[in-house]
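Asker: Predicted structure and sequence below. I'll ask about it afterward.
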Protein chains: 4
Amino acid sequence: MRKKDDEKQRNIKKAVIKLILEEGFHGTSISKIAKEAGVSPATVYIYYENKDMMLQDIYREYSEEIFCHLLDRVSEDMDGRQLIELVVRSYYSYIHENDEIFYFVEQFSSCPALTNQCGVKGNIVSIYNLFNDLKRKKVLKPLRNDTIMAVIFSPVKAISNNQCNPEDEKVDILKELIKIIQDALLL
Amino acid sequence: MRKKDDEKQRNIKKAVIKLILEEGFHGTSISKIAKEAGVSPATVYIYYENKDMMLQDIYREYSEEIFCHLLDRVSEDMDGRQLIELVVRSYYSYIHENDEIFYFVEQFSSCPALTNQCGVKGNIVSIYNLFNDLKRKKVLKPLRNDTIMAVIFSPVKAISNNQCNPEDEKVDILKELIKIIQDALLL
Amino acid sequence: MRKKDDEKQRNIKKAVIKLILEEGFHGTSISKIAKEAGVSPATVYIYYENKDMMLQDIYREYSEEIFCHLLDRVSEDMDGRQLIELVVRSYYSYIHENDEIFYFVEQFSSCPALTNQCGVKGNIVSIYNLFNDLKRKKVLKPLRNDTIMAVIFSPVKAISNNQCNPEDEKVDILKELIKIIQDALLL
Amino acid sequence: MRKKDDEKQRNIKKAVIKLILEEGFHGTSISKIAKEAGVSPATVYIYYENKDMMLQDIYREYSEEIFCHLLDRVSEDMDGRQLIELVVRSYYSYIHENDEIFYFVEQFSSCPALTNQCGVKGNIVSIYNLFNDLKRKKVLKPLRNDTIMAVIFSPVKAISNNQCNPEDEKVDILKELIKIIQDALLL
DNA sequence: TATGAATGAGTGTTCATTCAT
DNA sequence: GATGAATGAACACTCATTCAT
């Protein structure tokens, strides 16, 4: 019977993420979520204490999923240029393939009122470990991890978000960006 | 006949921006706005057609204010390194000094449900003109404007947003960042 | 200058009657009326004490207009049958040609909450005088005036209101009705 | 899971009908209805999709109740005169005994803005069948059903509505009316 | 006289949440 | 565990009316 329950919760999560992309945080109510998930509003409260907790839980679950996605792809035998290209491209494609999740996380994290309560700020540790490792191996320049993070990820995010450019132009921009990031970070 | 009271509208705008920082988009209701602005809920509707229009109007007004702020500071006699340092530092300090406005714009623009309706996209033209000019003068590398934008601004934004780091560490990170951006973009 | 004012008031009246047909009593607000009439909401209050008084005034003005319309058409030299046919047909055509006014009056008078305040019940006196006259002349049977009123007018109203029947069928029904009323009332 | 509470819905209906008599269509708000019915405003929306649908539903339920009331009283062994007297008197007494319902239906049906959406029109069929039957049996004159309807019911309604006459005078008028209708319709 | 700005009280409706089953 | 009924509080918005000009 455990199966059934888990599926309900999964449906709820899916519904939340879908609706928040479509209708924003305001405009996504418990009853809409329940309808979309095919359960009763009351059922939501079996799995989550209240709406805020629900959003936080889901945020926590997905906010660093992307980094796992990246780390899974990194392997020991890559050189620095390969590694950066891989990470950047994987990040870009994750955003495209998981747009609902990505926008959910983005919206949540750009709302101080939500993140203040939440305090995720957390398990990026493994990415940081990777950077530390690469710095020790003289692959990366000796920069602060926060700097490296900002340089690798945020420009890619900015490109993805930009709804003006057509897809094929974005590919070209990405190529320029990879080169820049490689030159900026690698020794 | 009473004249439209500019101060009233200014108070409404201030209230919106303040409340959205404090309470997020959801959680910011017309009646809270009205109370904060010291007017009746009905008065809001004299100045704005409805809530959506109000947010869009305010977003449109502020979304590119930051770029004016930057362009005002740029002067002809700077070399490339100076210019980039100035732009980056000004951007950073704008975010700090206008955090309410900045977070309002960020939250709005990270919500597809809102931005889809609102076609701003617009008048960043003058920044683009500056870049084009600098490329012609062989100061900037011949990169796409979108790439340049992404490289200059988004890492700074990422640093500012990061609520983990204490202020003095951010200063150091900013220094690293400026160096990286200079090397990446200047010929 | 008296001209101008009167026109404003006429526009307001027209607007009220039009909007009440289109949108009913609820749904017809002062500001909609003002917009339709091309004046400011405040202007309405120059001509009428408040909304209720406005409706009552307009009701009073039009509620017995129809009877004037009828009496104008009656002439001395008609016999009983002619007179009844004329009255019935005129009543019917008045409803069709002045549907906005008619429905305004109908809606108003079928709402006890409105009519209770308003004591019109009034100047049908001239119709009653006509009936009394005809009874004295042994044209009409010696029935109560209220009975005569009910028999002549209400069936015609019922026919007009009936939105099922096509127009040409109504003409036939009207013919039947006239015959019935003539036989019922005339000596 | 709580069951839908029939009594709640009944209370809501009663409240609607009572308030509409007292305060008219405008002036009868959901919150007044809810208070009168002893439920929360939100509860109303469990039983009805929205205010318009609520009014329509209730209208549909009651608009032809009166005809059932009449048909129940008609029996085979009456002659024409008896039948008409019975129908007229029953109609009159129904109006008096169910004045709230009657005025609700009247107000609703005299508002084109409401009836246009609604499309009841419907099940007066059984009354029509009765008329057809009586015409076949040579009891009624061969008149159109709409004519018969108009002649029987609308004058009675007009009398009932008339708030000038005292009750005992109405009784006399009714007597006159019955005679007239009998003579007009019976062979 | 005439106006558009301004408003408190109200509108219909939905919200997050709890209750009874 | 799961539900739909139930709700008080809140929502966005409009109302009839008044104010200052």
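Answerer: That came in fine, so what should we check first?
Asker: Could you see whether DNA strand E lies near the helix or strand harbouring residue A:45?
Answerer: Following DSSP states H and E, one finds residue A:45 within helix A:41-47. Yes. Residues of helix A:41-47 contacting DNA strand E under Cβ under 7 Å from any atom of the strand: A:41, A:42, A:44, A:45. The way it works is simple: take the backbone N, C-alpha and C, and place the C-beta from them, glycine included.
Asker: I'd like to know which of the residues you listed is nearest to residue D:96.
Answerer: residue A:41 (46.7 Å; Cβ to Cβ).
Asker: longest single helix anywhere in chain A?
Answerer: helix A:2-23 (DSSP state H).
Asker: Okay, buried residues for it please.
Answerer: Neighbour-count burial for helix A:2-23, counted by 16 or more other Cβ atoms under 10 Å in any protein chain shown, picks out A:8-9, A:11-22.
Asker: Find the residue at the geometric middle of chain A.
Answerer: Nearest to the geometric centre of chain A sits residue A:66, at 4.5 Å (Cα atoms, centre = their mean).
Asker: which secondary structure elements does the helix or strand of chain A with the lowest mean pLDDT contact?
Answerer: The helix or strand of chain A with the poorest confidence is helix A:112-118; it has a mean of 78 (mean pLDDT, DSSP states H and E). If you count contacts as 3 or more Cβ pairs under 8 Å, 6 or more residues apart in numbering or on different chains; DSSP states H and E, helix A:112-118 packs onto helix A:51-63, helix A:99-109, helix B:6-23.
Asker: Can I get that helix in CSV? Just the C-alpha atoms.
Answerer: Extracted as CSV, the C-alpha positions of helix A:112-118 are listed here (Å, rounded to 0.1, in the frame of the first residue of the first chain):
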residue,chain,number,x,y,z
PRO,A,112,13.1,36.9,-0.1
ALA,A,113,9.8,36.4,1.8
LEU,A,114,10.0,32.7,1.1
THR,A,115,13.7,32.0,1.2
ASN,A,116,14.1,33.9,4.5
GLN,A,117,12.0,31.3,6.3
CYS,A,118,13.5,28.4,4.4
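Asker: Which residue is the nearest non-sequential neighbour of residue A:73?
Answerer: In this structure, residue A:73 finds its nearest non-sequential neighbour in residue A:90, 5.2 Å apart by Cβ to Cβ, 6 or more residues apart in numbering or on different chains.
Asker: residues contacting that neighbour?
Answerer: Contacts for residue A:90 (Cβ atoms under 8 Å, 6 or more residues apart in numbering or on different chains) come out as A:69, A:70, A:73.
Asker: that older thread, from memory the residue nearest to the centre of chain A sits against residue A:94, does it?
Answerer: Yes. Residue A:66 lies in contact with residue A:94 (Cβ atoms under 8 Å); the separation is 5.4 Å.
Asker: any residues in contact with both of those two?
Answerer: Contact criterion Cβ under 8 Å, 6+ apart; residues shared by residue A:66 and residue A:94: residue A:102.
Asker: Would you point out which residue of chain A is nearest DNA strand F?
Answerer: residue A:42 (2.5 Å; Cβ to the nearest atom of the strand).
Asker: Could you tell me what pLDDT the model assigned to that residue?
Answerer: In this model, residue A:42 is scored at 96, pLDDT.
Asker: To what extent is it buried, counted in neighbours?
Answerer: By other Cβ atoms under 10 Å in any protein chain shown, the residues close to residue A:42 number 10.
Asker: got it, and residue A:79?
Answerer: 9.
Asker: Could you do the one 5 residues further on as well?
Answerer: A count of nearby residues for residue A:84, using other Cβ under 10 Å, gives 23.
Asker: Just say helix, strand or coil for it.
Answerer: Here residue A:84 is helix, with the state taken from DSSP: H, G, I helix; E, B strand; the rest coil.
Asker: How about the contacts made by it?
Answerer: A:152, A:178, A:181, A:182, A:185, A:186.
Asker: sorry, back to before: any idea which of the residues of helix A:41-47 next to DNA strand E has the most stuff around it?
Answerer: residue A:44 (22 neighbours).
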